[in-house]
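Peer 1: starting from these lines, generate the structure:
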Amino acid sequence: MTTVARRTFRSTPHRDAAATWTAIVELLTAASANKTAKSELLAVAGTAASLIADQTPKTTPIVVTCDGPRTRFYCLYDDNAIDGSDASEDVLGFDPLKGDWSVSLPCHEDDLAWVRKSLARNSQRITARKDGDDIAADGETKAAAQSLTLDPKGFLGS
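Peer 2: Next comes the predicted model:
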């Protein structure tokens, strides 16, 4: 069972999408000994901000995996972002970028091709997945994991 931390950031109109991504990056790198991670995360700021502006992290989280607990980031919008009572932007009690880390951003299906191409130009660790898909324990999307089927004849021999 994977331990999961959750943070919810106030986005538009409290702060614009780019400032929201910057706040998430600041939280991710606050306890990190990894000095290049911040540069890598900021290199995809335009693409990440575009996805935040599309409100994909409202219901499907940005997921950060590492050698420690998994972190899920959601965003609040409109009146909820102004009110801020559901926000949780506190620092984490662990390094979310420890070891072999990765970030998966939710994306509308229509934009997935260009977003993946854009992210790949700057990082192999930061990827996109279809809005609504979750990350399985081994890093695959839930949809990909569910598409696997068992062939019982393969076990029994024909």
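
Peer 1: what residues are up against the residue sitting nearest the centre point of the chain?
Peer 2: Residue closest to the mean C-alpha point of the chain, counted by CA atoms, centre = their mean, is I62 at 2.3 Å. Neighbouring residues of I62 by CB atoms under 8 Å, 6 or more residues apart in numbering: 24, 72-74, 103-106. In short, each C-beta sits where N, CA and C put it, glycine included.

Peer 1: next: L105.
Peer 2: L105 neighbours (CB under 8 Å, 6+ apart): 47-48, 51, 56-57, 62, 115, 119, 126-129.

Peer 1: for it, name its beta-bridge partners.
Peer 2: According to DSSP bridges, the partner residues bridging L105 are A128.

Peer 1: one step back: can you put the contacts of L105 in JSON lines and add pLDDT and secondary structure?
Peer 2: JSON lines is the format used below for the contacts of L105 (pLDDT from 0 to 100; DSSP: H, G, I helix; E, B strand; the rest coil):
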{"residue": "T47", "pLDDT": "97", "secondary structure": "helix"}
{"residue": "A48", "pLDDT": "97", "secondary structure": "helix"}
{"residue": "L51", "pLDDT": "97", "secondary structure": "helix"}
{"residue": "T56", "pLDDT": "96", "secondary structure": "helix"}
{"residue": "P57", "pLDDT": "97", "secondary structure": "helix"}
{"residue": "I62", "pLDDT": "97", "secondary structure": "strand"}
{"residue": "V115", "pLDDT": "97", "secondary structure": "helix"}
{"residue": "L119", "pLDDT": "97", "secondary structure": "helix"}
{"residue": "I126", "pLDDT": "97", "secondary structure": "strand"}
{"residue": "T127", "pLDDT": "97", "secondary structure": "strand"}
{"residue": "A128", "pLDDT": "97", "secondary structure": "strand"}
{"residue": "R129", "pLDDT": "96", "secondary structure": "strand"}
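
Peer 1: quick check, nearest of those residues to F9?
Peer 2: Distance to F9, by CB to CB, is smallest for P57 among the contacts of L105, at 8.2 Å.

Peer 1: work out for me the element the residue nearest to A5 when sequence neighbours are not counted sits within.
Peer 2: Nearest-residue entry for A5: T71, 4.7 Å, with adjacent residues in sequence omitted and distances by CB to CB, 6 or more residues apart in numbering. Element membership for T71, per DSSP states H and E: strand 70-76.
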